[in-house]
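**Student:** Got a sequence here, can you build the structure:
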Amino acid sequence: MASVKVLLYKSKKNAAGKHPIALRITKDRIPKYKFLEYIDPKDWNEKKTEVKQSHPVSFPQNRTV
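**Tutor:** Reported below is the predicted structural model:
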């Protein structure tokens with residue numbers, strides 16, 4: 001059985017200072033990461049694990065996640 005978690009991958013950053021949204025897929029205790037899109041950390045809601053409404057394209061990004 002595999003589990004999937006959405007998170008903001010804070011240990012990776014691009015030149016603009018944005019971090020990627022990552023899907024962590026764990027199967028047989030082995031995690032693999034799929035990176036989706038880079039966003040500013042202030043636009044990430046840790047409790048809900050989604051992009052905040054203040055971000056201009058939050059609705060399409062949250063539908064993707």
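**Student:** could you point out where the protein is predicted with low confidence?
**Tutor:** 56-65 (pLDDT under 70).
**Student:** can you pull out the helices in it?
**Tutor:** With helices called from DSSP state H, the chain shows them at 58-64.
**Student:** Now do the strands in it.
**Tutor:** 2-8, 19-27, 30-39, 44-45, 50-51 (DSSP state E).
**Student:** what would the ones you listed look like in a markdown table with mean neighbour count?
**Tutor:** Placement of C-beta: from N, CA and C, glycine included. Converted to a markdown table, the strands of the chain look like this (neighbours: other C-beta atoms under 10 Å):
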| stretch | mean neighbour count |
| --- | --- |
| strand 2-8 | 13 |
| strand 19-27 | 16 |
| strand 30-39 | 12 |
| strand 44-45 | 16 |
| strand 50-51 | 20 |
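**Student:** Residues contacting stretch 2-16, please?
**Tutor:** 19-27, 33, 35, 38-39, 41, 44, 46, 49-50, 65 (C-beta atoms under 8 Å, 6 or more residues apart in numbering).
**Student:** hmm, 6 Å instead?
**Tutor:** If you take C-beta atoms under 6 Å, 6 or more residues apart in numbering as the criterion, stretch 2-16 is touched by His19, Pro20, Ala22, Leu23, Arg24, Ile25, Thr26, Lys27, Tyr38, Trp44, Thr49, Val65.
**Student:** In space, not sequence, find me the middle residue of the protein.
**Tutor:** Ile21 (2.2 Å; C-alpha atoms, centre = their mean).
**Student:** Is it in contact with Tyr38, as I believe?
**Tutor:** No - using C-beta atoms under 6 Å, Ile21 is not in contact with Tyr38, being 7.8 Å away.
**Student:** The residue nearest to Glu37 when sequence neighbours are not counted and Met1, how far apart?
**Tutor:** Leaving aside its sequence neighbours, Glu37 sits nearest to Ile21 (C-beta to C-beta, 6 or more residues apart in numbering; 5.6 Å). Noted for Ile21: a distance of 23 Å to Met1, by C-beta to C-beta, to the nearest Å.
**Student:** same check, this time on Lys42
**Tutor:** 35 Å.
**Student:** No further questions, thank you.
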